[in-house]
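Novice: 3D model of this:
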Amino acid sequence: MGRTGGSWYFYLQDRRILVELDGPTGDSTSSVVPAIEDLDQGCSYSVTQGRDGKPRFFTVCNNTMKVFAKLQQRRVGLGE
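Specialist: A predicted model of the protein is given here:
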C-alpha cells in the first residue's frame with residue numbers, strides 16, 4: 001500500500017488484513033478490515049497521512065472512494 005508517518009502498510013486482500021510495520025522499531029501489528037460488499041479484486045488501495053498526523057487508508061472501487069481510519073482496538077473502521 002505505502003508508507004506514512006514512519007510506518008509501512010501492507011494489505012492482504014484475500015484475508016482483509018492490514019499490516020503495519022513500524023519503521024524505526026521493526027514492530028508489526030495487524031488489523032482486520034471490515035467486510036464491505038463492493039470491495040473486490042479490481043479495487044486499488046493506498047495510505048496517506050491525515051491532517052491529525054494519523055494514517056488514513058482508502059480504496060477506490062467503481063469510481064467510489066472509501067476512507068478508513070485505524071481505531072484504538074486494532075480494528076479499522078469506515079470513516080463517515
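
Novice: where along the chain do the helices fall?
Specialist: Remark: no helices are assigned in the chain by DSSP state H.

Novice: Can you pull up the most central residue in it?
Specialist: The residue lying closest to the centre of the chain (Cα atoms, centre = their mean) is Phe57, at 3.8 Å.

Novice: Setting aside sequence neighbours, what's the nearest residue to that one?
Specialist: Phe68 (4.3 Å; Cβ to Cβ, 6 or more residues apart in numbering). All C-beta spots, glycine's among them, are computed from the backbone N, C-alpha and C.

Novice: wouldn't the one you found be in contact with Gly50 here?
Specialist: No: taking Cβ atoms under 8 Å as the definition, Phe68 is not a contact partner of Gly50, at 11.0 Å.

Novice: Common neighbours of those two, please.
Specialist: Common neighbours of Phe68 and Gly50 (criterion: Cβ atoms under 8 Å, 6 or more residues apart in numbering): Arg56.

Novice: Among the two, which residue is more densely surrounded?
Specialist: Legend: neighbour count by other Cβ atoms under 10 Å for Phe68 and Gly50, higher for Phe68 (22 against 13).

Novice: in the sheet, who's paired with the more buried one?
Specialist: Phe57, Leu78 (DSSP bridges).

Novice: For the nearest residue to Leu21 once chain neighbours are set aside, give me its contacts.
Specialist: Computed as Cβ to Cβ, 6+ apart, the closest residue to Leu21 that is not its neighbour in sequence is Trp8, at 4.4 Å. Neighbouring residues of Trp8 by Cβ under 8 Å, 6+ apart: 2, 20-21, 23.
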